[in-house]
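Student: Could you work out the structure for the sequence below:
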Amino acid sequence: MPNSPKMPQPAKQKKRKKQTTNKHRRRLGRRKLYAAAAVTAAVTAALGVGLRAYLKSRSPYLAQVAPQLRSWALYLPNHLIPPALMLYIMGLAAKVDLIRASDRDVVIRIIEGKSPDDGHPFSARQLVPRALLQRVPDTPPRPAMIWTHGGGHVVGTPGFYDPQNARIAEELGIFVFAPSYRKSQQAPFPADLDDCYAVVRWVQENAGSLGIDPQRIAVCGDSAGGGLAAGIVQRAEDEGHPVAFQGLVYPMLDHRSATDPTTAAQAMPSSRGQFIWTARLNAAAWQHYLGPSHLSRELAPYASPLYRQDLSQCPPTWIGIGDLDLFYPEAHAFAQRLSKAGVPVTFETYEGAYHGFDHIAPQAAKTKTLHADLIKALREVLLED
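Tutor: Residues are numbered from 1 along each chain as shown. The predicted model follows:
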């Protein structure tokens, strides 16, 4: 008697594997929640605040967060922990070169060189769709994007963004470069900007051999990386090497934001600035980055991109940010100034979203919309005539 067909068996295994994965995710979620509760309890106890009282005090703020974006991470008392301690913890985290795997069909390489500004070595991750490596000779050159990662100028790694950058590279059929850069505890401004700008110039100068169209290069980034991207774009324009587009995800643009940490949170409407990146932490990070006297002296160009006087030569710009983000006012002000200067600007607001929401809730619909909106903007500028 012939053997029974075995077609159903792989489906059962796949289903069982999916069930196991879901169980693992639930267990991991519970562990994170327990860890968050333990940290919150420890911090609130040290500050003489009861855990129940603390959770109750946070309820009005959490109620304004979009349900799909609510997470155990929002219970962490970032606004209570002394900024110096937070920066110290972030400094320790900066020693870890965090890389996330991607399932996209891209090849990742490391490029290296030396900055023309101070001779410091630079490196970047180069993500190339495998299809571009198989092109025939005389194929028209393709666009490129440089992505500067976030982290308050204190933490962050380009490899953490591999899934996002690989998706952009593959879906658009473009080259993507993600620079490593020195953090503020290693060297203050302008070290990080010099490192990233050196990568931009390397891409521009080697465009011909790489198969890149030098007239279709975008510079994008998130948070502190968004501020770096804006500063890089301004410097590139000033030095005669303009880029085609800037994409800024909840960018850190204004060194004067939250200059009075004791009252800034009270002055913020609703839950703005209450989660992940708070006013006190922001003020401390800027001081760490620019020095203790940065509020009382004239800053070097590109340190605080919002205050550039002439924005008329900036390229088409896309800005995406949640309405609960501490940086919302400065991002909106930057968009308005660009628009008044005649620069094409798209400003996307994500309701009920806080700073870094796409990392906290990567599977949420709003996160997917954010990424889709950025890719759409890149497509319109880099690929459509």
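Student: Tell me where the stretch 151-300 of the chain has helices.
Tutor: 162-172, 191-205, 207-210, 224-238, 261-267, 279-290 (DSSP state H, counting those that start in this stretch).
Student: Distance-wise, check the closest residue to Leu374 other than its chain neighbours relative to Lys56.
Tutor: Once flanking residues are discounted, Leu374 sits nearest to Gly247: 5.4 Å by C-beta to C-beta, 6 or more residues apart in numbering. Glycine gets a C-beta too; all of them are placed from N, C-alpha and C. Distance, Gly247 to Lys56, using C-beta to C-beta, to the nearest Å: 40 Å.
Student: Among the two, which residue is more densely surrounded?
Tutor: More crowded of Gly247 and Lys56, by other C-beta atoms under 10 Å: Gly247, with 27 against 10.
Student: In terms of mean pLDDT, which of the helices of the stretch 151-300 of the chain ranks lowest?
Tutor: Per-stretch mean pLDDT for those is lowest at helix 261-267 (a mean of 47).
Student: what about Gln164, how many residues close to it?
Tutor: 24.
Student: check contacts around the residue nearest to it when sequence neighbours are not counted.
Tutor: Closest residue to Gln164 apart from its sequence neighbours, by C-beta to C-beta, 6+ apart: His371 at 6.6 Å. Neighbouring residues of His371 by C-beta atoms under 8 Å, 6 or more residues apart in numbering: Gln164, Arg167, Asp358.
Student: can we see that at 10 Å?
Tutor: The contact partners of His371, by C-beta atoms under 10 Å, 6 or more residues apart in numbering, come to Pro163, Gln164, Arg167, Ile168, Glu171, Val249, Gly320, Asp358, Pro362.
Student: out of the residues you listed, who's nearest Gln186?
Tutor: Val249 (24.0 Å; C-beta to C-beta).
Student: So what pairs up with the closest one in the strands?
Tutor: As for beta bridges, Val249 partners with Asp222, Gly320 under DSSP bridges.
Student: would you say Glu112 is within a strand?
Tutor: Yes - assessed with DSSP: H, G, I helix; E, B strand; the rest coil, Glu112 lies in a strand.
Student: Count the residues that sit near Ala218.
Tutor: 27.
Student: picking that back up, among the helices of the stretch 151-300 of the chain, which is nearest Gly342?
Tutor: helix 224-238 (14.2 Å).
Student: Who are the packing partners of that closest one?
Tutor: strand 142-148, strand 175-179, helix 191-205, strand 212-222, strand 245-249, helix 279-290, strand 317-322, helix 328-340 (3 or more C-beta pairs under 10 Å, 6 or more residues apart in numbering; DSSP states H and E).
Student: 8 Å - rerun?
Tutor: strand 142-148, helix 191-205, strand 212-222, strand 245-249 (3 or more C-beta pairs under 8 Å, 6 or more residues apart in numbering; DSSP states H and E).
Student: which stretch among the ones you listed comes nearest Leu311?
Tutor: That would be strand 245-249 among the helices and strands packed on helix 224-238, by C-beta to C-beta, at 11.0 Å.
Student: List the contacts of Pro67.
Tutor: Applying C-beta under 8 Å, 6+ apart, the residues contacting Pro67 are Gly352.
Student: Kindly recompute the last result at 6 Å.
Tutor: With contact set as C-beta atoms under 6 Å, 6 or more residues apart in numbering, Pro67 has no partners.
Student: ditto for Ala341
Tutor: Leu311, Ser312.
Student: Repeat that for Phe177.
Tutor: Phe177 touches Ala124, Gln126, Ile146, Val199, Val203, counting by C-beta under 6 Å, 6+ apart.
Student: Can you tell me the element the residue nearest to Gln164 falls in?
Tutor: Per DSSP states H and E: His371 is located in helix 365-382.
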